[in-house]
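K.L.:
Quick check, what structure comes out for this input:
(4 chains, ligands or ions: 4)
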Amino acid sequence: MENIEEEKLLDMYKKMVRIRKFEEKVEELHIKGILPGLKHLYIGEEAVAVGVISCLRKDDYIGSTHRGHGHLIAKGGDVKLMMAELYGKKTGYCKGKGGSMHIADINIGILGANGIVAANIPIVGGAALSSKMRKKDQVAVSFFGDGGANEGIFHEGLNLASVWKLPAIFVCENNFYAISTPQEKVTSVESIAKRASSYNIPGYSVDGTDVLEVYRVAKEAVARARKGEGPSLIECKTYRFKGHYVGEGQRELSYRSRDEVKRYWEEKCPIKKFKNYLIKENIFTQSFLEDIEKEVDKEIDEAVKFAEESPYPLPEEALEDLFFEGVK
Amino acid sequence: MENIEEEKLLDMYKKMVRIRKFEEKVEELHIKGILPGLKHLYIGEEAVAVGVISCLRKDDYIGSTHRGHGHLIAKGGDVKLMMAELYGKKTGYCKGKGGSMHIADINIGILGANGIVAANIPIVGGAALSSKMRKKDQVAVSFFGDGGANEGIFHEGLNLASVWKLPAIFVCENNFYAISTPQEKVTSVESIAKRASSYNIPGYSVDGTDVLEVYRVAKEAVARARKGEGPSLIECKTYRFKGHYVGEGQRELSYRSRDEVKRYWEEKCPIKKFKNYLIKENIFTQSFLEDIEKEVDKEIDEAVKFAEESPYPLPEEALEDLFFEGVK
Amino acid sequence: MREITFGEAACEAISEEMEKDERIFYMGEDVGRFGGSYGTTKGLFEKFGEERIKDTPMSEAAIVGFALGAAITGMRPIAEIMFCDLLCLAMDQIVNQVAKVRYMFGGKVKVPLVIRVPFGGLRRAAAQHSQHLEAWFLHTPGLKIVTPSTPYDVKGLLKSAIRDDNPVIFFEHILLFQKKGYVPEKEYTIPIGKADVKKEGKDITLISYSLMLQRCLSVAQNLEKEGIDVEVIDLRSLFPLDMETIINSVKKTGKVVICHQACLRGGVGAEIAAQIQEKAFDFLDAPIKRIAARDVPVPFSPVLEDFVVPTEKRIEEEIKKMLY
Amino acid sequence: MREITFGEAACEAISEEMEKDERIFYMGEDVGRFGGSYGTTKGLFEKFGEERIKDTPMSEAAIVGFALGAAITGMRPIAEIMFCDLLCLAMDQIVNQVAKVRYMFGGKVKVPLVIRVPFGGLRRAAAQHSQHLEAWFLHTPGLKIVTPSTPYDVKGLLKSAIRDDNPVIFFEHILLFQKKGYVPEKEYTIPIGKADVKKEGKDITLISYSLMLQRCLSVAQNLEKEGIDVEVIDLRSLFPLDMETIINSVKKTGKVVICHQACLRGGVGAEIAAQIQEKAFDFLDAPIKRIAARDVPVPFSPVLEDFVVPTEKRIEEEIKKMLY
Ligand SMILES: Cc1ncc(C[n+]2csc(CCOP(=O)(O)OP(=O)(O)O)c2C)c(N)n1
Ligand SMILES: Cc1ncc(C[n+]2csc(CCOP(=O)(O)OP(=O)(O)O)c2C)c(N)n1
Ligand SMILES: [Mg+2]
Ligand SMILES: [Mg+2]
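P.N.:
Ligands and ions are numbered 1, 2, ... in the order given. Below you'll find the predicted structure:
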């Protein structure tokens, strides 16, 4: 395989761990009743966000989803501000107005998580259009799920991005379920990547639990986009290790068995796989990687502390931030 | 070629002529200022509606478009009631409430023309679902244009029809323009038929000015649907001989040349082609076919007479027909 | 007296109707074995199987469009849109097709279609999962709009909606699903278009529906103790809108407060206020007061959302302001 | 005094702004060489080329979504939706995205986006081509809504909309495009949010916008001759809504008629009436009267459409009813 410098590999590993530990903390705090609202965990899918976004520059764009924490962290999102937002605090990314599904940070190209599935597709397309019109070489990446690939906007967005040859990349996180609905039961093609042919763009289907495979393919697509050769569609086959949302509980058993989940944990955990690889290849030692993990634990604890200690917004602040230069 | 009995060929020819003459009359009456509203003529595309619908039974369904007169006539629509509707008379198909873009006749399976492009796709899908759930073998056909194939609902509709293996046929009338916009300029694939692969259904691309070729392919798709083998996508390459709407006039020159239109008239007129074929093959004599044409002239004149002599609705009738068993 | 939850009552209505009429079927996202994201179809899959309780792809426009096609060709579909905000994805099919086909076709087709829509802010679900868009449909001729507030009402009204030969958009508040209440064992229906006076009173008329109706009712009960006699009208359906019941109450009290969870500007309260002042101008002792969500997207943080959405405290204060 | 058409004035506004600011571009269906289905972009393609005047596929949701993505990343798009009824296909992008992103993100992004929407019944185009859906957006916090009625106003308001850092939905009546009127050669803008008293009067306040404003104005001129002094207020924008101008007029006249082409129920008139009775209750001598399209889909036949949409005759009669 083409060589990836250690520093990069370390960054990738660290980000995957950061996502995992952030999500585990979110789950814990939700179950304790500390975090309000809806949360969709990225646990099990870390290799997709990290693999793809590791190919991007800070000024490139991403459009994220309802299951967005992983994308945001991979793009460089600050876990303090994220956690504070999940707490509904004034210091959060959105001053408590957005919550889990609406975190954005335009300065590092995060165009926002999005509560409407597949809705980021045209928005990302528009960012790619903007990059092209401004004669920049910024690339824009849209993440969406297997369920999202059946929304009409998927079709409109990919067609237009292709017609205008935009520097956009469409990453389908196929975790085989849309809430409870199995992909094969509601999707006319087995592989979402096949749909690329309807838009005359390259389509790839990769093991989304293998961060290096994702990275390699994404790199190709990003290079293509930067060169002005147009969009690509990448399907990453991955798996959601937790319920659709935190608190789904027993209902999960109505669509998948404990065994199925267990099997994925054992065979497909992207972090375990990547860690084993790094150690086996003598790139990093086990203890070194475990020190990294401890560092991350600290970060997360600090994020929680920051959030805990932050003030809530004042009720009246609900009336701010609607219009630029307010309008009543 | 497989044999089509004379009676059928005659019926097809007569319907094509009926469509042509109906549309010519509509154009004339519009230009004279007699007919109000928007009208989109089917002239030049007769072979599509007639070729496809000649494979259908009376109890099969069609969903039509803004350019719908041809579909309605091919499915057995009554030109008297159609003309009266275009006049806005009480005796029209919709009592004057619908006009050109909303004529329907459920009794013969016409689920309506539709002013929203591609909007009939899911409606036709639902009729196919209904046929299947009622354990009937009725087939449902959706017509839409090259422009319509870029609407999100195209994607949602074909995916669901395929997933549920419904007796639906999706006929794309590719006349190379959506109003002024050339298909190739806004469509990521050269042939719309290619998009069938995204839905794992058969896709055909045929010369839509050759009624027999359309008929042959449609027959295959209809047989498939009736047998419960699922939907098909048929792209019929055709051409709009007139402006997008009656009265477009000079604006047409902003997107296509007189020569282009002239060339199609000369080389591709579906009626001329079919007529020559019928004569060359000694199926019918020229004079016989011309008698048919005269018959049709009479029908159209009678339709106009009927419409002319019909009363307008009373203004207050605008308040009727909204709810079944009215609601105020 | 049997007590069941709002959600159970709704499923009972569907189940009873489906048993009686095989043309009825149900389609939506995760409505099958999963039982609906909010429990809208709990137990129905087990009873009727996947032929009649259909899981769909994530394709909201297609869900409504397919249901419409089935409705005009002999079936009686119930199409679920998982939550109100998602109606935005199906507006063409709902507004340009479902609501208009019968009229456009000169009354020559029936559209026995129920579009079932859970809604409801106050779940800390933020701006894209908390909207109450019923006012849009009030402005869309051709649809009936139903908004039940109790287990008893949801069962009786949903049955009527399913039996109706016209399209009905049926809004159920997600926070009501667990609410328990009296629901008779025996068959009954509630006609769509009649408001229900949930509490009689002579001092002031308080008009609401869905979850806010419950808040209004408890405010009214508290005020009772202070000797303030509030009449609480549950609209039950927004169209047909029972102005007769409203006007009769206004003539009695002369004072009106309208409360809904949708934002104020352009909300249902505006239409009702406009009609009241038109039809009962001389009976009004004071301006009609509208209490609604403030005119911003629904924010996430509980502190903020609770400021935006009408609270019992706010309702009570407004009522007192009007009386003193 | 230079007279040009409404359509020319609008194109002039766009052209002048595009010359000054290269971040501005235009996208929509058939807006290029064809010049827009209703002439919305006449001459712009020739001047700015296909890079800045972009023909799109028929993909209304994508048109708005792409424009939004461009708007939050440094461009200033004008996205045209060919006619109002088609907004139904883009509601998720408009309502759940465009209107909310700034707020959801805590005010950390600007959305300089104009959604330009020709509308207008009375073209015998029937139910799916004649809707006036502006009331939906009044109920959607986060959007400004502009509805000009004259060539002078459309130019000045469109310029302000293009310069605005907030999303603006801009409605132009198709039957106004050919209307001629005075438009100065020299640069000017009109602020969004100020109503315009098109005719002063003391007997009654007549509130309208867009095409109906013109009908109201000619009614007012006729009544002048009969000695009835009507004050005609052109709202110009529905949000921000200039209640101050309205209330001042009501305090003077004590009588109000509101007229719009959208259907009555749940229309903009309801909100205005509700606010007037709230803010000027004691100044009203009579119920506020709303004149609007009747609550049915717009029918095709001229006989029927002319019965459904407010005519000058109907407006005049209602005014007289209120005065005598
Ligand atoms: C357009 C839309 N439809 C429905 C929903 C409700 N919903 C939220 S997540 C989800 C499933 C999404 O599945 P997928 O796209 O595969 O993403 P995943 O959750 O599996 O990561 C659904 C149906 C929504 N938010 N948006
Ligand atoms: C969804 C939608 N978008 C836009 C329009 C306006 N419009 C009417 S016909 C038309 C072009 C349709 O092109 P196509 O689908 O190729 O059909 P054709 O007119 O060529 O037969 C457009 C843009 C519409 N009616 N519906
Ligand atoms: Mg999934
Ligand atoms: Mg075409």
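K.L.:
Check the gap between the residue lying closest to A:V211 once chain neighbours are set aside and ligand 4 for me.
P.N.:
In this structure, A:V211 finds its nearest non-sequential neighbour in A:A47, 3.8 Å apart by CB to CB, 6 or more residues apart in numbering or on different chains. Every residue, glycine included, has its C-beta placed from N, CA and C. Taking CB to the ion, to the nearest Å as the measure, A:A47 falls 44 Å from ligand 4.
K.L.:
go on, C:G49?
P.N.:
42 Å.
K.L.:
still on that earlier bit, touching the helix or strand containing the residue nearest to A:V211 from outside, list them.
P.N.:
Here A:A47 sits within helix A:46-53, counting by DSSP states H and E. For helix A:46-53, contacts defined as CB atoms under 8 Å, 6 or more residues apart in numbering or on different chains pick out A:12, A:15-16, A:19-20, A:42, A:62, A:70-71, A:73-75, A:141, A:143, A:169, A:171, A:173, A:208-215, A:218, A:234, A:236, A:238, A:270-271, A:273-274.
K.L.:
residues contacting the residue nearest to A:N174 when sequence neighbours are not counted?
P.N.:
Nearest non-adjacent residue to A:N174, counting by CB to CB, 6+ apart: A:D146, 4.2 Å away. Listed by CB under 8 Å, 6+ apart, the contact partners of A:D146 are A:C172, A:E173, A:N174, A:N175, A:F176, A:Y177, A:A178, A:Q183, A:T187, A:I192.
K.L.:
try 7 Å this time
P.N.:
Neighbour list for A:D146: A:C172, A:N174, A:N175, A:F176, A:A178, A:Q183, A:T187, A:I192 [criterion: CB atoms under 7 Å, 6 or more residues apart in numbering or on different chains].
K.L.:
Surely A:I121 and A:G157 touch.
P.N.:
Yes - A:I121 is within contact range of A:G157, at 3.7 Å (criterion: CB atoms under 7 Å).
K.L.:
The spatially closest residue to C:I115 that is not a sequence neighbour bridge partners, please.
P.N.:
Using CB to CB, 6+ apart and skipping residues adjacent in sequence, the residue nearest C:I115 is C:I169, 4.7 Å away. Per DSSP bridges, the residues bridged to C:I169 are C:I115, C:I145.
K.L.:
Check A:L233 too.
P.N.:
A:F170, A:G203.
K.L.:
Look up how far chain D lies from it.
P.N.:
Using CB to the nearest CB, to the nearest Å, A:L233 is found at 16 Å from chain D.
K.L.:
got it, and C:L44?
P.N.:
For C:L44, the distance to chain D - CB to the nearest CB - is 28 Å.
K.L.:
before we move on, what about A:S205?
P.N.:
25 Å.
K.L.:
before we move on, what SS does that residue have?
P.N.:
Secondary structure assignment for A:S205 (DSSP: H, G, I helix; E, B strand; the rest coil): strand.
K.L.:
where do the helices sit along chain C?
P.N.:
Secondary structure of chain C (DSSP state H): helices at C:6-20, C:44-52, C:60-71, C:91, C:101-104, C:134-138, C:151-163, C:210-225, C:243-253, C:268-279, C:302-308, C:312-323.
K.L.:
Would you mind pulling the contact partners of the shortest one?
P.N.:
For helix C:91, the surrounding residues in contact (CB under 7 Å, 6+ apart) are D:C88, D:M91.
K.L.:
close to ligand 1, is that helix?
P.N.:
No - between helix C:91 and ligand 1, judged by CB under 6 Å from any ligand atom, nothing touches; the nearest distance is 12.8 Å.
K.L.:
Distance from that helix to the middle of the chain?
P.N.:
18 Å (CA atoms, centre = their mean, to the nearest Å).
K.L.:
repeat for the fifth one
P.N.:
Using CA atoms, centre = their mean, the mean C-alpha position of helix C:101-104 is found 24 Å from that of the whole chain.
K.L.:
got the CA coordinates for it in CSV?
P.N.:
The C-alpha trace of helix C:101-104 is given here as CSV (Å, rounded to 0.1, in the frame of the first residue of the first chain):
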residue,chain,number,x,y,z
VAL,C,101,-57.4,16.3,-7.5
ARG,C,102,-61.1,15.9,-6.7
TYR,C,103,-61.8,19.6,-7.4
MET,C,104,-59.6,19.8,-10.5
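K.L.:
surely A:G76 meets A:I108?
P.N.:
Yes - counting by CB under 7 Å, A:G76 does reach A:I108; the two are 4.9 Å apart.
K.L.:
mind checking the backbone torsions on the closest residue to A:W265 other than its chain neighbours?
P.N.:
Nearest non-adjacent residue to A:W265, counting by CB to CB, 6+ apart: A:F241, 6.1 Å away. Phi and psi for A:F241, reported as degrees, to the nearest 10, are phi -80, psi -20.
K.L.:
From C:L44, how far off is A:F241?
P.N.:
For A:F241, the distance to C:L44 equals 29 Å [CB to CB, to the nearest Å].
K.L.:
before we move on, what about A:D291?
P.N.:
53 Å.
K.L.:
Quick check, A:G157 in contact with A:I123.
P.N.:
No - using CB under 7 Å, A:G157 makes no contact with A:I123, being 8.9 Å away.
K.L.:
related to what we said a few turns ago, for burial, what's the neighbour tally of the residue nearest to A:V211?
P.N.:
30 (other CB atoms under 10 Å in any protein chain shown).
K.L.:
returning to that earlier point: most packed of the helices of chain C?
P.N.:
Of all those, helix C:60-71 has the most neighbours on average by mean count of other CB atoms under 10 Å in any protein chain shown, namely a mean of 30.
K.L.:
That helix - what's its average pLDDT?
P.N.:
Helix C:60-71 shows a mean pLDDT of 99 in the predicted model.
K.L.:
same thing with stretch A:290-308?
P.N.:
98.
K.L.:
Any residue of it touching chain C?
P.N.:
No - using CB under 7 Å from any CB of the partner chain, stretch A:290-308 stays clear of chain C, with a minimum separation of 12.0 Å.
K.L.:
Dump that stretch to PDB, restricted to CA.
P.N.:
C-alpha atoms of stretch A:290-308 as PDB (Å, rounded to 0.1, in the frame of the first residue of the first chain):
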ATOM      1  CA  GLU A 290      -2.800   3.300  25.200                       C
ATOM      2  CA  ASP A 291      -1.200   6.500  26.400                       C
ATOM      3  CA  ILE A 292      -2.900   8.200  23.500                       C
ATOM      4  CA  GLU A 293      -6.200   6.700  24.700                       C
ATOM      5  CA  LYS A 294      -5.600   8.100  28.100                       C
ATOM      6  CA  GLU A 295      -4.900  11.500  26.700                       C
ATOM      7  CA  VAL A 296      -8.200  11.400  25.000                       C
ATOM      8  CA  ASP A 297      -9.900  10.400  28.200                       C
ATOM      9  CA  LYS A 298      -8.600  13.500  29.700                       C
ATOM     10  CA  GLU A 299      -9.800  15.700  26.800                       C
ATOM     11  CA  ILE A 300     -13.300  14.300  27.200                       C
ATOM     12  CA  ASP A 301     -13.300  14.800  30.900                       C
ATOM     13  CA  GLU A 302     -12.200  18.300  30.400                       C
ATOM     14  CA  ALA A 303     -14.900  18.800  27.800                       C
ATOM     15  CA  VAL A 304     -17.500  17.600  30.300                       C
ATOM     16  CA  LYS A 305     -16.100  19.800  33.000                       C
ATOM     17  CA  PHE A 306     -16.200  22.800  30.700                       C
ATOM     18  CA  ALA A 307     -19.800  22.000  29.800                       C
ATOM     19  CA  GLU A 308     -20.800  21.400  33.400                       C
END
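K.L.:
Thanks a lot, catch you later.
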